[in-house]
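*Asks:* A structural model of the following input is requested.
(2 chains)
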Amino acid sequence: NAGVTQTPKFQVLKTGQSMTLQCAQDMNHEYMSWYRQDPGMGLRLIHYSVGAGITDQGEVPNGYNVSRSTTEDFPLRLLSAAPSQTSVYFCASSPGRGSYEQYFGPGTRLTVT
Amino acid sequence: DAKTTQPPSMDCAEGRAANLPCNHSTISGNEYVYWYRQIHSQGPQYIIHGLKNNETNEMASLIITEDRKSSTLILPHATLRDTAVYYCIGARYSGYALNFGKGTSLLVTP
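*Replies:* Have a look, this model is predicted:
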């Protein structure tokens, strides 16, 4: 299993541009989440999904959209990038009900100029 | 989710036990204590979790006080590769939506 994969690894955007961060998992996990980590800080939850077609907001959802059309994929869309969205973005998955452990991807380092 | 408090940093000599404390005085009866760690800039890695009883796995031991207001993660024989940020999280039975704080930065020295 590849586990949780994220693309791209690095990205530089200009203010106002839009883009989609990709996240995929091949473990048939039900739950998926997106976090951001700013320098020197812990992770903050952006959006999460408990199954295909079901998404909800986390602590810092503004400026981001998600959808979950398949079990495997959970893309994160930045609608109009701002410098405040410069961060490292982590995607995670979990088997679902009855599971205690989240599996994290390697992260996408995003810089908005 | 319960608020947790951890020291910002700790040192430990290689080969010695690393004892990482966590206070969670507001934890409710159905909230677990989870521990994750993040090595350098990688994605966090699950270590262990517990509710009331002490727990042990191949990575670490978790000691939870009887009143559940605090806990200690023990790495029995720390190695240089254990240098990481360790996060203590209080949360309900869940595999998602964890609230990470700033954690404890553990430095294992030769």
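*Asks:* hey, what's the spatially most central residue of chain B bridged with?
*Replies:* Nearest residue to the geometric centre of chain B (CA atoms, centre = their mean): residue B:35, 3.7 Å. Going by DSSP bridges, residue B:35 is paired in beta bridges with residue B:48, residue B:88.
*Asks:* how far away is it from chain A?
*Replies:* 11 Å (CB to the nearest CB, to the nearest Å). Placement of C-beta: from N, CA and C, glycine included.
*Asks:* Repeat that for residue B:100.
*Replies:* 4 Å.
*Asks:* Checking that residue next. Helix, strand or coil?
*Replies:* Three-state call for residue B:100 (DSSP: H, G, I helix; E, B strand; the rest coil): coil.
*Asks:* hang on, it packs against residue A:35?
*Replies:* Yes - at 7.4 Å, residue B:100 counts as touching residue A:35 under the criterion of CB atoms under 8 Å.
*Asks:* which residues does residue B:105 contact?
*Replies:* B:8, B:9, B:10, B:84, B:85, B:86 (CB atoms under 8 Å, 6 or more residues apart in numbering or on different chains).
*Asks:* Can you tell me the element it falls in?
*Replies:* Assigning secondary structure by DSSP states H and E places residue B:105 in strand B:104-109.
*Asks:* any idea how far the residue sitting nearest the centre point of chain A is from residue B:75?
*Replies:* Centroid-nearest residue in chain A, with CA atoms, centre = their mean: residue A:34, separated by 3.1 Å. Counting by CB to CB, to the nearest Å, the gap from residue A:34 to residue B:75 is 29 Å.
*Asks:* Kindly report the same for residue A:29.
*Replies:* 28 Å.
*Asks:* now swap in residue A:37 and tell me
*Replies:* In terms of CB to CB, residue A:37 sits 23 Å off from residue B:75.
*Asks:* count of residues packed around residue A:98?
*Replies:* Residue A:98: 9 surrounding residues under other CB atoms under 10 Å in any protein chain shown.
*Asks:* Among residue B:100 and residue A:35, which residue is more densely surrounded?
*Replies:* residue A:35 (29 against 22).
*Asks:* Mind listing what's buried along stretch A:17-33?
*Replies:* A:19, A:21, A:22, A:23, A:24, A:25, A:29, A:30, A:31, A:32, A:33 (16 or more other CB atoms under 10 Å in any protein chain shown).
*Asks:* same deal with stretch A:69-81?
*Replies:* A:71, A:72, A:74, A:75, A:76, A:78, A:81.
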